[in-house]
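have a look at this prediction, sequence included:
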2 protein chains.
Amino acid sequence: MLFGAIEAGGTKFVCGIGNENGEILERVSFPTTTPEETMGQVINFFKDKQMDAMGVGTFGPVDPNESSPTYGYITSTPKIKWRNFDIIGELKKHFNIPFGFDTDVNAAALGETEWGAAKGLDSCVYMTVGTGIGGGAVIRGEMVHGMLHPEMGHILVKRHPEDDFAGNCPYHQDCLEGMAAGPAIEKRWGKKGIELQEVDKVWEIEAYYLAQAAVNLIYTLSPKKIVLGGGVMHQKQLFPIIRENVKELLNGYVQTNEILSDIDQYIVPPGLGDNAGLCGAVALAKKACGI
Amino acid sequence: MLFGAIEAGGTKFVCGIGNENGEILERVSFPTTTPEETMGQVINFFKDKQMDAMGVGTFGPVDPNESSPTYGYITSTPKIKWRNFDIIGELKKHFNIPFGFDTDVNAAALGETEWGAAKGLDSCVYMTVGTGIGGGAVIRGEMVHGMLHPEMGHILVKRHPEDDFAGNCPYHQDCLEGMAAGPAIEKRWGKKGIELQEVDKVWEIEAYYLAQAAVNLIYTLSPKKIVLGGGVMHQKQLFPIIRENVKELLNGYVQTNEILSDIDQYIVPPGLGDNAGLCGAVALAKKACGI
């Protein structure tokens, strides 16, 4: 089977065709400008493709509730032109096939359980740490929805005792995203993370915040795997420090093998690498076909 | 139909018989001593009852994973005598009926969606604030399990700027439970919460911590309802302060009706009152019958 996949991000829309094994057979990307322009290019790309279904994982917030009148909308995003945009409605005008729809990070979490680091598990959290921080979750094989969907980037964190950076989240100042996303690193140290690779303190502080996120996720969602992706996580030296911090913070309270003996396999990079989002959209499409 | 229900707590086991409407027709309680003694009393109580199924909601941690060899066990509890106790196995020796099994708080969350404050919703969090803090969650109609189950009492919180209490969680010192459970209030102020009803600062600080918990739950699980029960929450003055703090902390980031206009109906006391746990066990039994 062939699936159309859209990973809609704030700077670009990645579009592709994938199969039921999560293999990406074709991929292109278009800059995120206006819905008219960007969606025009997207529709043009897909219009002659063979597709059994389409999956859309997008920046949010979104309305993923199928019984809601605004299902399939990007809702209260700060990107004004995309606010209350009916992305699934627009696509349905052109493609009469089943659609899957969710946040980019819920889609990535699903993709990781299908073909990635959480393959064979019915539960995982996928958190991306890049220009922002976002997280999605699959529990019992289903993406987590409720009042809305996870927005894990904005959980509260305790300040590192040596960190006097004010934080730069426009909503919450020193929430997780405000303290630990790429722009926070750059603003705190006056250089991009990639130029700070050798400065241990940078990653000690970064890991301190990301470990708090992991611990809170363990205590609330109890995922079977925590997958950390995004540009900042290309700094692979973060993983062992995060794991160490998580063990220290849990302090023996959670007595599972995942924590006590297999933490190297519990907090991991995406099995799908930088394709987690696009493969996630393929997984959404596949799920929309009931397979 | 008639269901046997057990709410197993650290100080007492509450046992009862309920029907499919969540009505409790009979209830007794026994002190929690040793498994031999307490379970003897429990089994004696139920032995001549008419029951279609039984539900057990218990202090944890537990193994709620039906495919695990230790399913139905209380596992690594600090209550030594109950550690690795096969509570469901013990009951099954005496009652050949379907069993439902989960943490007391996951059961309470289920009960609240069946008959309580979250009736008609497929999602809620139930958090109890008493001698300890615990939380359970239902998402898409199912109790949240993954690596383990929620242990929300131990999430990290930011210290209130005027609070110099060290915290009294034996594992984490100043986690949520260490800062906001009943014993933390008593230790901080030198009096029980019930004697401090008129002291605004007590409840301002208490609400500060509980609001952080609510906000992190909104960002991770996104429940459709947050139900706060337990002895400390009998201080009803807490609710409006918690709601106010939650709105401040979210700061407009979550644009849902639940938050923006209906928060009085979003963060609420248990609809089942102090029966949330026992009714939850009835709900587990009912679910075990597939109804």
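On my side now, so go ahead. These numbers come from a predicted model, not from an experiment. Numbering: from 1, shown residues only, chains lettered A, B, ... in the order given.

what residues are bridge-paired with residue A:138?
Here residue A:138 sits in beta bridges with residue A:124, residue A:143, going by DSSP bridges.

report pLDDT for it.
In this model, residue A:138 is scored at 98, pLDDT.

buried stuff in stretch A:272-282?
A:272, A:275-282 (16 or more other Cβ atoms under 10 Å in any protein chain shown). Placement of C-beta: from N, CA and C, glycine included.

do stretch A:8-24 as well
A:8-9, A:13-18, A:20, A:22, A:24.

just the endpoints, please. Distance across that stretch?
16 Å (Cα to Cα, to the nearest Å).

what mean pLDDT does that stretch get?
96.

and that stretch, how far from the chain's centre?
In this view, stretch A:8-24 has its centroid 14 Å away from the chain centroid, taken as Cα atoms, centre = their mean, to the nearest Å.

repeat for stretch A:166-181
For stretch A:166-181, the distance to the chain centre is 18 Å (Cα atoms, centre = their mean).

still on that earlier bit, tabulate the buried residues of stretch A:272-282 (TSV), appending distance to residue B:230.
Formatted as TSV, those follow (distance: Cβ to Cβ, whole Å):
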residue	distance to residue B:230
A:272	42
A:275	45
A:276	39
A:277	41
A:278	45
A:279	43
A:280	38
A:281	42
A:282	45
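
mind checking which of those are in helices?
Using DSSP state H, the subset of the buried residues of stretch A:272-282 located in helices is A:276-282.

can you add distance to chain B and pLDDT and give those residues back as TSV?
Formatted as TSV, these follow (distance: Cβ to the nearest Cβ, whole Å; pLDDT from 0 to 100):
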residue	distance to chain B	pLDDT
A:276	19	94
A:277	20	95
A:278	24	98
A:279	21	98
A:280	18	98
A:281	21	98
A:282	22	98
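
distance to residue A:161 for these - can I get that in CSV?
Shown next, in CSV, are those (distance: Cβ to Cβ, whole Å):
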residue, distance to residue A:161
A:276, 33
A:277, 35
A:278, 40
A:279, 40
A:280, 37
A:281, 41
A:282, 44
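
please list the residues of the stretch 151-291 of chain A that sit near chain B.
Within the stretch 151-291 of chain A, the positions lying close to chain B (Cβ under 8 Å from any Cβ of the partner chain) are A:151-159, A:171-172, A:212, A:215-224, A:249, A:251-256, A:258-259, A:266.

cutoff 7 Å now
Residues of the stretch 151-291 of chain A lying close to chain B (Cβ under 7 Å from any Cβ of the partner chain) are A:151-152, A:154-156, A:158, A:171-172, A:212, A:215-217, A:219-224, A:251-256, A:258.

show me where the stretch 151-291 of chain A has strands.
A:226-229, A:267-268 (DSSP state E, counting those that start in this stretch).

now do the helices in chain A.
Under DSSP H, chain A gives helices at A:35-46, A:87-92, A:104-115, A:176-180, A:182-189, A:200-220, A:238-250, A:257-260, A:276-288.

now what about the last one, what contacts it?
Applying Cβ atoms under 7 Å, 6 or more residues apart in numbering or on different chains, the external contacts of helix A:276-288 come out as A:3-7, A:14, A:16, A:18, A:20, A:22, A:24, A:27, A:53-57, A:98-102, A:104, A:107-108, A:110-112, A:114-116, A:126, A:229, A:270, A:272.

can you say which of those residues are buried?
Applying 16+ other Cβ under 10 Å to the contacts of helix A:276-288 flags A:3-7, A:14, A:16, A:18, A:20, A:22, A:24, A:53-57, A:98-102, A:104, A:107-108, A:110-112, A:114-116, A:126, A:229, A:270, A:272 as buried.

mean neighbour count, the strands of the stretch 151-291 of chain A: which tops it?
strand A:226-229 (a mean of 27; mean count of other Cβ atoms under 10 Å in any protein chain shown).

so what does that strand touch, helix or strand wise?
If you count contacts as 3 or more Cβ pairs under 7 Å, 6 or more residues apart in numbering or on different chains; DSSP states H and E, strand A:226-229 packs onto strand A:124-129, helix A:200-220, strand A:267-268.

between these, which one is closest to residue B:93.
helix A:200-220 (34.0 Å; Cβ to Cβ).

tell me which residues in that closest one are buried?
Result for helix A:200-220 [16+ other Cβ under 10 Å]: buried residues A:202-203, A:205-220.

re earlier: turn the helices of chain A into JSON lines, including distance to residue B:36.
Output for those, formatted as JSON lines (distance: least, Cβ to Cβ, whole Å):
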{"stretch": "helix A:35-46", "distance to residue B:36": "67"}
{"stretch": "helix A:87-92", "distance to residue B:36": "59"}
{"stretch": "helix A:104-115", "distance to residue B:36": "43"}
{"stretch": "helix A:176-180", "distance to residue B:36": "47"}
{"stretch": "helix A:182-189", "distance to residue B:36": "56"}
{"stretch": "helix A:200-220", "distance to residue B:36": "33"}
{"stretch": "helix A:238-250", "distance to residue B:36": "32"}
{"stretch": "helix A:257-260", "distance to residue B:36": "30"}
{"stretch": "helix A:276-288", "distance to residue B:36": "49"}
